[in-house]
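Chemist: Fold the stuff below for me.
(chains A, B, C and D)
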There are 4 protein chains.
Amino acid sequence: MTTTHIDSPVHILTEDSPDQPTPTAELSALYRGFEKELLVPLWTEIGDLMPAHPQSKATPYVWRWDSLLPLAEEAGRIVPVGRGGERRAIALANPSLGGKPFVSPTLWAAIQYLLPGEDAPEHRHTQHAFRFVVEGEGVWTVVGRDPVAMGRGDFLPQAGWNWHAHHNATDKPMAWIDGLDIPFQYGNETQFFEFGREVISDQERITPARSRSERLWAHPGLTPVGVSAAGAGTPLLAYRWEHTDGALTDQLELESEGFPGVVEPGHAVVRFTNPSTGGDVLPTIRTEMHRVRRGAETAVRREVGSSVYQVFDGSGVVSVGSHEWTVTRGDLFVVPSWQPYSVRSEAGSTDSDSGALDLFRFSDTPIFEALQQNRVQVEGTHS
Amino acid sequence: MTTTHIDSPVHILTEDSPDQPTPTAELSALYRGFEKELLVPLWTEIGDLMPAHPQSKATPYVWRWDSLLPLAEEAGRIVPVGRGGERRAIALANPSLGGKPFVSPTLWAAIQYLLPGEDAPEHRHTQHAFRFVVEGEGVWTVVGRDPVAMGRGDFLPQAGWNWHAHHNATDKPMAWIDGLDIPFQYGNETQFFEFGREVISDQERITPARSRSERLWAHPGLTPVGVSAAGAGTPLLAYRWEHTDGALTDQLELESEGFPGVVEPGHAVVRFTNPSTGGDVLPTIRTEMHRVRRGAETAVRREVGSSVYQVFDGSGVVSVGSHEWTVTRGDLFVVPSWQPYSVRSEAGSTDSDSGALDLFRFSDTPIFEALQQNRVQVEGTHS
Amino acid sequence: MTTTHIDSPVHILTEDSPDQPTPTAELSALYRGFEKELLVPLWTEIGDLMPAHPQSKATPYVWRWDSLLPLAEEAGRIVPVGRGGERRAIALANPSLGGKPFVSPTLWAAIQYLLPGEDAPEHRHTQHAFRFVVEGEGVWTVVGRDPVAMGRGDFLPQAGWNWHAHHNATDKPMAWIDGLDIPFQYGNETQFFEFGREVISDQERITPARSRSERLWAHPGLTPVGVSAAGAGTPLLAYRWEHTDGALTDQLELESEGFPGVVEPGHAVVRFTNPSTGGDVLPTIRTEMHRVRRGAETAVRREVGSSVYQVFDGSGVVSVGSHEWTVTRGDLFVVPSWQPYSVRSEAGSTDSDSGALDLFRFSDTPIFEALQQNRVQVEGTHS
Amino acid sequence: MTTTHIDSPVHILTEDSPDQPTPTAELSALYRGFEKELLVPLWTEIGDLMPAHPQSKATPYVWRWDSLLPLAEEAGRIVPVGRGGERRAIALANPSLGGKPFVSPTLWAAIQYLLPGEDAPEHRHTQHAFRFVVEGEGVWTVVGRDPVAMGRGDFLPQAGWNWHAHHNATDKPMAWIDGLDIPFQYGNETQFFEFGREVISDQERITPARSRSERLWAHPGLTPVGVSAAGAGTPLLAYRWEHTDGALTDQLELESEGFPGVVEPGHAVVRFTNPSTGGDVLPTIRTEMHRVRRGAETAVRREVGSSVYQVFDGSGVVSVGSHEWTVTRGDLFVVPSWQPYSVRSEAGSTDSDSGALDLFRFSDTPIFEALQQNRVQVEGTHS
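Modeler: Coordinates of the predicted model:
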């Protein structure tokens, strides 16, 4: 992020920018007066601040699972996990966000890695978080003292200010993806953080297949009357792949039978939602699973705010702005604000199955819906 | 409901009522003047209109399944079902509501009966409705052209103004319970009704195990993005016993393990909710399933508004106001507004199993929550 | 309200009702069986219970101020006001609601009368209430110990469960109109009532022009941060005629200038609203002031639910269903559910001014909006 | 904003930061691997990203009216206003936000200046805006073709995406303050902008004392039924000083009489609110007027998010974090997130009156309330 030099503001003017006042000695003197009093005129900055539509500082970019995972493994070998560093998490840093560990201006995405027997210590923070597992199993995340198993395809949200720790109860290392609103809270300065207990109790080291949250909240359309769903996010701490896969399968079968369900031909979507409200699982992050039939292509969409996708299964070709990538299992990519995006599902070079392309997506949309700033434009339609 | 004679208003005064003005000739003349001008003074009516707490016109009462079912069967034998009468439904008429088919001032409860091969014709109405099945199977209710199987333990809501019909696709008759807000809408005069098609299509005569609504909406915490949940009630048309039973079992097991879940010792409750909002399935009717462990007894509660219960399984002793009944499978009873209510689960005379008492409940609570008129008082606590 | 005799249900069948089963001995036996078990079949009642559109039990009717006021004065002469009777209020009793003091199935409207120096004792109840003053002044209503002056054109809402009393601080009697949801709460059995102090304090006998509630809440668009607006209804206890008149005048002037504002040509409407929510002042009652230019006529409207109007000023001809009345200051009339209604503003026989017709209106609409049962149909348009 | 060099991350560690892994050759190699793949570890950044509480990048700072106004006048002399530059607005640039024209991470505050006869051209943008006038008059802001007069003490909100222009209809220049959420929308990349007509019509050059929006919406507790309040912000475009002053006066008088109203002793606050919702006037900006009695001092408060204050009248001493300033009419200062803030009202050196200190405040609080991230801590109490 460059510093603004107000004596020579021309560098931020774009083609659409206005003509500037004629440079004169008295204009320079005025600008020096502004600078001295910590003032900046609108007329030199308006092109940057008030563009015709969002011009993201972020760049569309893809991170390859084949590159991420070995680095996480190497970190597992040489970087301990413990109090202070808190988590062995390695974040995607968008190439044009100044080296910050921000995949977009609002979102954080990281690969986290835990060795057999390791614990990540308990803490809590106002940042909202989730985990998503593209492969592996064996770690239990303990949220509010409730151990929650993590396995391939599972989605595990955890709203801000809940105590949480992780422990690997097996003899294999495990990696997964963390998503948080760290950049949003960083930019807006809303963060609080507290350390928890140094060691979790034995009772929390049990390894049940179902968490207590699921036993209370994962029965469809059934609300437990004896407990409260108070708090900022969902009381359901695990959304299992079995259910997600079933829901997507049902949508595509309904499409084949001629009934509504998919968002567009060949494209099924489920949103992970808070069963106590029907709304997003977290106040600042929307999460969805998309399934695109082999051969199908999505309409080109632009949306306010940014999204991150991870390929869960299958292969395809993704187009974001002027970028195009072939992606396969585990790859992550970012779609910055208002960049046109579409994806086509097709067999990868090393991919002989006939399956669909499954994409996990998270975005900052709930922020903009809450503030009435959301806009979506689909191919040729008007927002 | 008696007519009020304002010349002799004393008949409505209770012990709590105020002294009345001294009867004089001019008072009588005044009262005749009121009557002539269609006026009624507050001071003669206040005891009835503004009691210290609700004094229900309805009476606590129990209807026995053993009496209901044979009458429904007999109606099946001699009363045809078809356009005009619309449904072979027989309603519970509270003994003190003037012979109206109202189980309480706001609620309708009826047994409905359909013979093999019969259809109940399509129509729609603003009254909100549900079906609950205490025994049997074989009927599909077709809501918005989506055939929905009905079986023991299933709960099937259907919000107002949805087209619906029923057809019995098997070779056995079937009975079930209908609940509606007919009295509430009758009292408030909000009813609309339309006849639908005379005959439903062959495509609607298919008998799938899962309705399309379930394929879209019965995946826990997962919202289909491609369809809308617009309208007054839940988009999910069937809540299967398998899930309800599982949720209640989980709550009681959590209680045994020392964790939260039940509403009080030995008493598990799930509420049927709209997955798109987390709120009640219908704007005017709340529905729940209660499970009381053998031997457990619930606290005495009073609530604004009325409830109807049906015993789904097990046996017990119910106390409502000064009434007490032993109840068993299929029995229905009503708890009028602000009447103290509790239930004890115990083995019935013909009941050798060791199971719990399962009670289906519906009430008018959402009306009073929406209007901020709800109150609940639990044993010795204050509202 | 007639008793239903289920052996001869034909009396409730309308033209639209279905054919009934052929009367036979076994049908009679079945019906006797129903009666014995407190059951009523749907097929004999459906025409009454589920009409094509609301068929109100209430009758359109007008009460004349010239008749009401003398009876209230006479009541003032011979009926004391005090604990027990609580209020010298005389209610409008719709001619077809069985002699109950109900102007419609949901609403209560009464004239209340207080002599110089009299107090109406303090109490509170869950019924929501308001007062509206068509003429006179001199009474202060004391709500939550805040004395609120009442004068011509003032509207004074008071949500349920607020303590309130009235005192006439002047040397003239005063009459006004009370509106409550007594019938709605009576039908739904949600009423609570408590007596307050026998005598209000001297501090509450002050007679300020502005109540404390107005000093906090009657500044347009300005919310006092130091107090809470918690509770079921508006924190603002008086809506003064000066403001209401100004708002209506502004709307008609905007119309004359060619700008939006009126609801239809010549017809200005303001709704009394809760400044802390922008919604209705009471959870169950909507209140509005309508001004119809001399010579203008409103479109014919049908609405779910009932309304009561009082002429505040001017004269006109009202049409409700098949009824038509000429009305003038103080007259009250009721529009039952779904009855077509319109009004034409015109000079009355004794009315030589050129002013508009001002109508105060209250209705039960918030109930039906909260429960998604509201419908409105305007002349030739479809709901 | 400094660039992060991940090979030497120590520069961002604070006292609270964790010990880092022992620097070794293989750790350096790992970090180079991260850098190559555009990855950044959490453990080097956590102290900056996840502090115990917000550590604002912004600095508490005061801008003096005596310095601002002459610069605005000089800009009026030499910088034209017109299409392209759009507005002669000069923004406060927080000293530690990299030279950006951002008074805080989320808020924009500027002085705008318009000469006699000048127009600022019509445009619209998604950024929410308001104007506040500390002195002067003569400009009409035309919002949605409705001319709105601006005078001392008036507050004029204008929600995003409304067309607006300004024109100075008098023979004197005028200055005022603009507040917007430009930095918030810049950071989140939600901005849209459109140019409007080049010239506003003669009909919009009229100079009424009351805008049409006020004629519809500025009657206390009265909602016009014939118009819609749709859109993201308040339909009321002007909140006049007369009302604001009256409301604050009433609160302090109530305090003197012993009644509730003020937020704390000697401190009255009114919030500018949307009359159609009772909520904030803009989705992202809260606005209030504070009056502190001469001699009174406010409790020390910390809040999530930032506030900007302008002294409207009186003098006082402001404390923000470790900064303390004496402020007087027109001075502006910023309170960054979670910085302790209090103010004491006292006579300034050149200020002989006995009046109170009036402070206009705006903040980003609605953002954090909508997202459940708001926290407030008052002197010694816990959040």
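Chemist: can you count the residues close to the residue of the stretch 1-150 of chain A found nearest chain B?
Modeler: Closest to chain B within the stretch 1-150 of chain A is residue A:146: 8.7 Å, counting by C-beta to the nearest C-beta. In short, each C-beta sits where N, CA and C put it, glycine included. When neighbours are defined as other C-beta atoms under 10 Å in any protein chain shown, residue A:146 has 21 of them.
Chemist: which residues touch it?
Modeler: A:211-213, A:237 (C-beta atoms under 8 Å, 6 or more residues apart in numbering or on different chains).
Chemist: ok, now with 6 Å
Modeler: Counting by C-beta atoms under 6 Å, 6 or more residues apart in numbering or on different chains, residue A:146 makes contact with A:211-213.
Chemist: beta partners of residue A:297?
Modeler: residue A:344 (DSSP bridges).
Chemist: quick one: contacts of the lengthiest helix in chain A?
Modeler: Across chain A, the longest stretch assigned as helix under DSSP state H is helix A:241-257. Defining contact as C-beta under 6 Å, 6+ apart, one finds that helix A:241-257 is touched by A:153-154, A:261-262, A:268, A:270, A:289, A:291, B:215, B:219-220, B:222.
Chemist: residues contacting whichever residue of the stretch 251-383 of chain A sits closest to chain D?
Modeler: With C-beta to the nearest C-beta, the shortest gap between the stretch 251-383 of chain A and chain D falls at residue A:337, namely 3.7 Å. Residue A:337 makes contacts with A:54, A:56, A:304-306, D:189, as judged by C-beta under 6 Å, 6+ apart.
Chemist: quick one on the thing from earlier: return the set of buried residues in the longest helix of chain A.
Modeler: Neighbour-count burial for helix A:241-257, counted by 16 or more other C-beta atoms under 10 Å in any protein chain shown, picks out A:241, A:243-248, A:250-252, A:254-255.
Chemist: What's the first helix or strand after that helix?
Modeler: Using DSSP states H and E, the helix or strand that directly follows helix A:241-257 along the chain is strand A:267-272.
Chemist: Describe which strands the next helix or strand after that following strand pairs with in its sheet and in which direction.
Modeler: Where DSSP H and E defines the elements, the next helix or strand beyond strand A:267-272 is strand A:286-292. Sheet pairing of strand A:286-292 (DSSP bridges) gives strand A:267-272 (antiparallel), strand A:357-363 (antiparallel).
Chemist: I'd like the ones you listed as TSV, with mean neighbour count, mean pLDDT and distance to residue B:373 appended.
Modeler: Listed next are the strands paired with strand A:286-292 as TSV, based on neighbours: other C-beta atoms under 10 Å in any protein chain shown; pLDDT from 0 to 100; distance: least, C-beta to C-beta, whole Å:
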stretch	mean neighbour count	mean pLDDT	distance to residue B:373
strand A:267-272	24	98	34
strand A:357-363	25	98	40
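Chemist: wait, which of these is closest to residue B:24?
Modeler: strand A:267-272 (73.3 Å; C-beta to C-beta).
Chemist: Got phi/psi on the closest residue to chain D within the stretch 151-300 of chain A?
Modeler: Closest approach between the stretch 151-300 of chain A and chain D, counting by C-beta to the nearest C-beta: residue A:189, at 3.7 Å. Taking degrees, to the nearest 10, you get phi 60, psi 60 for the backbone angles of residue A:189.
Chemist: With residue A:202 instead?
Modeler: The phi/psi pair for residue A:202 (degrees, to the nearest 10) is phi -60, psi -40.
Chemist: hey, where'd the helices end up in the stretch 101-250 of chain A?
Modeler: Taking DSSP state H, counting those that start in this stretch to define them, one finds helices in the stretch 101-250 of chain A at A:182-188, A:212-217, A:241-257.
Chemist: Let's have those helices in TSV, adding mean pLDDT.
Modeler: Output for the helices of the stretch 101-250 of chain A, formatted as TSV (pLDDT from 0 to 100):
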stretch	mean pLDDT
helix A:182-188	98
helix A:212-217	98
helix A:241-257	98
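Chemist: Format the ones you listed as CSV; extra columns: distance to residue A:344.
Modeler: As requested, these are exported to CSV (distance: least, C-beta to C-beta, whole Å):
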stretch, distance to residue A:344
helix A:182-188, 30
helix A:212-217, 35
helix A:241-257, 16
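Chemist: Contacts only, for residue A:173.
Modeler: Counting by C-beta under 6 Å, 6+ apart, residue A:173 has contacts A:76, A:115.
Chemist: Can you tell me which residues in chain A are near chain B?
Modeler: Residues of chain A lying near chain B by C-beta under 6 Å from any C-beta of the partner chain: A:212, A:215-216, A:218-223, A:225-227, A:236, A:239, A:243, A:247, A:250, A:259-263, A:269-271, A:273, A:275-278.
Chemist: And the buried ones among those, selectable in PyMOL?
Modeler: Applying 16+ other C-beta under 10 Å to these, the buried members can be selected in PyMOL as follows:
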select buried, chain A and resi 212+215+216+218+219+220+221+222+223+225+226+227+236+239+243+247+250+259+261+262+263+269+270+271+273+275+276+277+278
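Chemist: so how far is residue D:356 from residue A:238?
Modeler: When distance is defined by C-beta to C-beta, to the nearest Å, residue A:238 is 56 Å away from residue D:356.
Chemist: actually residue A:155, sorry about that
Modeler: Per C-beta to C-beta, residue A:155 is found 55 Å from residue D:356.
Chemist: between those two, who's got more neighbours?
Modeler: Using other C-beta under 10 Å as the criterion, residue A:155 and residue D:356 rank with residue A:155 on top: 27 against 23.
Chemist: List the contacts of the nearest residue to that one once chain neighbours are set aside.
Modeler: Leaving aside its sequence neighbours, residue A:155 sits nearest to residue A:239 (C-beta to C-beta, 6 or more residues apart in numbering or on different chains; 4.3 Å). The contact partners of residue A:239, by C-beta under 6 Å, 6+ apart, come to A:155, A:272, B:221.
Chemist: near chain D, which residues of the stretch 201-350 of chain A show up?
Modeler: Contact residues, the stretch 201-350 of chain A versus chain D (C-beta under 6 Å from any C-beta): A:232, A:283-284, A:304, A:337.
Chemist: Mind putting those residues into CSV with pLDDT?
Modeler: Shown next, in CSV, are these (pLDDT from 0 to 100):
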residue, pLDDT
A:232, 88
A:283, 98
A:284, 98
A:304, 98
A:337, 98
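Chemist: quick revisit: tell me the one of the contacts of residue A:146 nearest chain C?
Modeler: Set against chain C, the nearest of the contacts of residue A:146 by C-beta to the nearest C-beta is residue A:213 (31.6 Å).
Chemist: how about the residue lying closest to residue A:37 once chain neighbours are set aside, secondary structure?
Modeler: Nearest residue to residue A:37, sequence neighbours excluded (C-beta to C-beta, 6+ apart): residue D:67, at 5.1 Å. Of the three states, residue D:67 takes helix according to DSSP: H, G, I helix; E, B strand; the rest coil.
Chemist: How about the one 4 residues further on?
Modeler: Judged by three-state DSSP, the three-state class of residue D:71 is helix.
Chemist: Tell me, how many residues neighbour the residue nearest to it when sequence neighbours are not counted?
Modeler: Closest residue to residue D:71 apart from its sequence neighbours, by C-beta to C-beta, 6+ apart: residue A:33 at 5.3 Å. The number of residues packed near residue A:33 is 16, by other C-beta under 10 Å.
Chemist: Report the separation between residue A:33 and residue B:300.
Modeler: 78 Å.
Chemist: Kindly report the same for residue A:54.
Modeler: Per C-beta to C-beta, residue A:54 is found 60 Å from residue B:300.
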